[in-house]
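Trainee: Test case, fold it:
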Amino acid sequence: MGAVFNEIIGAGNTKVAALFIPKCTALTAAERIEMWVKCGMIAKAGEEALKAKNREALEDLRAQASGQAQLDIDRMISQLQKGR
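Mentor: Residues are numbered from 1 along each chain as shown. A predicted model of the protein is given here:
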């Protein structure tokens, strides 16, 4: 699946490439986060980081985010803090 993703993303079709990310279950959360970022979907990358309880990844994503995505990442960081 990862190879298909790379071919599609290489062709510049981020929307189609994003459809393959959930199917890449053998990959690590960090790899899926990177794939979402390559598709320009920071909030989706944040959801992966939240599932993995990876605060560092969320902080990195927050620095890359803007607008609504930044608000979404802030909410995810808050959720992670409350879950401790």
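
Trainee: For this protein, just list every one of the helices.
Mentor: According to DSSP state H, the chain carries its helices in the segments 2-10, 14-20, 29-38, 42-51, 55-64, 67-82.

Trainee: Dump the ones you listed to CSV, plus mean pLDDT and mean neighbour count.
Mentor: Every residue, glycine included, has its C-beta placed from N, CA and C. CSV is the format used below for those (pLDDT from 0 to 100; neighbours: other CB atoms under 10 Å):
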stretch, mean pLDDT, mean neighbour count
helix 2-10, 90, 14
helix 14-20, 95, 16
helix 29-38, 96, 19
helix 42-51, 97, 22
helix 55-64, 97, 16
helix 67-82, 95, 14
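
Trainee: Not counting stretch 44-59 itself, show me its contacts.
Mentor: Residues outside stretch 44-59 that contact it (CB atoms under 8 Å, 6 or more residues apart in numbering): 18, 21, 29-30, 32-34, 36-37, 61, 65, 69, 72-73, 76-77, 79-80, 83.

Trainee: which residues touch the residue lying closest to Gln70 once chain neighbours are set aside?
Mentor: Of all residues not flanking Gln70 in the chain, Arg62 sits nearest, at 6.3 Å (CB to CB, 6 or more residues apart in numbering). Going by CB under 8 Å, 6+ apart, Arg62 touches Gln70, Ile73, Asp74, Ile77.

Trainee: Mind putting the residues you listed into JSON lines with distance to Ile8?
Mentor: Converted to JSON lines, the contacts of Arg62 look like this (distance: CB to CB, whole Å):
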{"residue": "Gln70", "distance to Ile8": "27"}
{"residue": "Ile73", "distance to Ile8": "25"}
{"residue": "Asp74", "distance to Ile8": "31"}
{"residue": "Ile77", "distance to Ile8": "30"}
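
Trainee: Distance-wise, check Arg75 relative to Ala3.
Mentor: Taking CB to CB, to the nearest Å as the measure, Arg75 falls 34 Å from Ala3.

Trainee: actually Lys15, sorry about that
Mentor: Distance, Lys15 to Ala3, by CB to CB: 19 Å.

Trainee: now do Gln81
Mentor: Distance, Gln81 to Ala3, by CB to CB: 37 Å.
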